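Chemist: Following is a predicted model, sequence given first.
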Amino acid sequence: MKIVARLLWITTLALGLSACATHTTSTRYPPPVVDRSPPPATTFPSGEPAPITPPPRSTSSSALPASGPAVIALLERADRQYMDQDLDSAAATLERALRIEPRNPLLWHRLASVRLDQGQIDQAMQMAAKSNSLAGSNHSLLARNWQLISLAYRAKGDLDAARSAEDKARQFE
């Protein structure tokens, strides 16, 4: 589950940084590097294969709220902390960014990913749902939130709810 959650995080990072970069005039931040290699095959305890996270689609400039330089810097810090597996620090950094931009659906999604990796399944599901409520017409983010919710249901052992969430994710792909 952690591998799929990590891939989900990397996909979110790539989309988030590219969306944020389109809203700023700063050229200090280079575009993100996106790993296009296929994810490793993993299976859940039930023996079912893990869902594959689709590559991110480009979003319109109005799909995500504009982020200021402070939030962009906090996102970059949280990404470094996450990649270093310092999940507590990554969560704290994302919470700080949310105090600045509480209606940013990408921040809620990223924090949901961290909470899922921390094993805080119910919190992860609530944060992904919050992200969905703020995502508007951003179908890519909606799909990734439903994929995360599906992973959370699988972690809880509720395979029917996981399949239902996967179906919802496919509606937005």
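Modeler: Thanks, I have the structure now.
Chemist: use CA for all of it now, contacts and neighbours both
Modeler: Will do.
Chemist: Residue 85: which element?
Modeler: Of the helices and strands defined by DSSP states H and E, none includes residue 85.
Chemist: give the contact list for it.
Modeler: With contact set as CA atoms under 8 Å, 6 or more residues apart in numbering, residue 85 has no partners.
Chemist: Same check on residue 173?
Modeler: Here residue 173 is in contact with 139-140, 143 (CA under 8 Å, 6+ apart).
Chemist: Distance of it relative to residue 166?
Modeler: 11 Å (CA to CA, to the nearest Å).
Chemist: Residue 161: neighbouring residues, count only.
Modeler: Using other CA atoms under 10 Å, residue 161 is surrounded by 17 other residues.
Chemist: just residue 119 next, same as before
Modeler: A count of neighbours around residue 119, defined by other CA under 10 Å, yields 13.
Chemist: So it: helix, strand or coil?
Modeler: coil (DSSP: H, G, I helix; E, B strand; the rest coil).
Chemist: pLDDT value on it, please?
Modeler: Confidence at residue 119, expressed as pLDDT, is 95.
Chemist: again with residue 115
Modeler: Reported pLDDT for residue 115: 97.
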